[in-house]
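[1] I would like to see how this sequence folds:
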Amino acid sequence: MKKHSSKKRPRTTTPPKPRIDYAPFWSRALAFGTDIFMIGLPITLLTMALFGYDQMHTASGLDVIVNAPKAHTNPPNPIASIVQISLFLITYVWLWHKSGQTPGKKLASIRVIDAKTFGNAPYWKLTLRFIGYFISLITLIGFFIGLLRKDKRSLHDLISGTAVIRVS
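    Next comes the predicted model:
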């Protein structure tokens, strides 16, 4: 007959999830609007310096998509468009990865995190989030989905596995 040890094995418990205060829609909208000026204006000025002032008066990508007359008379320079979007992508993804915050998000006291680990999101998720912005823009409803969700995540957050939280 075997003797059973009277020692009890310690129970392994998973640590509780940290309390997350998700950023509301209006804080996110304020941050996005601020970033359009604080990040967008310098990138637009740099693009204008590289490709000339006339480049700013060409048709937009949206004009090309909807086949507007302006797209036929004054088509955009595809190289300038690629450079401008690439600069936006690099800037946003780098800032999100570095601290989770762009200047607008810092002003609004919010930051982007990985929705599963609650830490800084990896570059690939942040790149997917940036691409998701365009999907949210095209559908327009993508930005407003967060108003209907408890975790306030928009379409681009759901696509990329990220979330935006308040920071103190």
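[2] count of residues packed around Leu126?
    By the criterion of other C-beta atoms under 10 Å, Leu126 has 23 neighbours. From N, CA and C alone the C-beta is placed, and that goes for glycine too.
[3] how much space is there between it and Arg19?
    24 Å (C-beta to C-beta, to the nearest Å).
[4] One more: Ser99?
    On the measure of C-beta to C-beta, Ser99 and Arg19 end up 21 Å apart.
[5] Equivalent analysis for Leu128, please.
    26 Å.
[6] For Thr91, give me its contacts.
    Ile39, Ile43 (C-beta atoms under 8 Å, 6 or more residues apart in numbering).
[7] Could you identify the helix or strand that succeeds the helix or strand bottoming out on mean pLDDT in the chain?
    Sorting the helices and strands of the chain by mean pLDDT, DSSP states H and E puts helix 61-65 at the bottom, at a mean of 66. Once the chain leaves helix 61-65, the next helix or strand it forms, by DSSP states H and E, is helix 69-73.
[8] Can I get that next one as PDB, trimmed to CA atoms?
    The C-alpha coordinates for helix 69-73 follow below in PDB (Å, rounded to 0.1, in the frame of the first residue of the first chain):
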ATOM      1  CA  PRO A  69     -13.700  64.500 -64.400                       C
ATOM      2  CA  LYS A  70     -10.800  66.000 -62.500                       C
ATOM      3  CA  ALA A  71      -9.100  62.600 -62.600                       C
ATOM      4  CA  HIS A  72      -9.000  62.800 -66.400                       C
ATOM      5  CA  THR A  73      -7.900  66.400 -66.700                       C
END
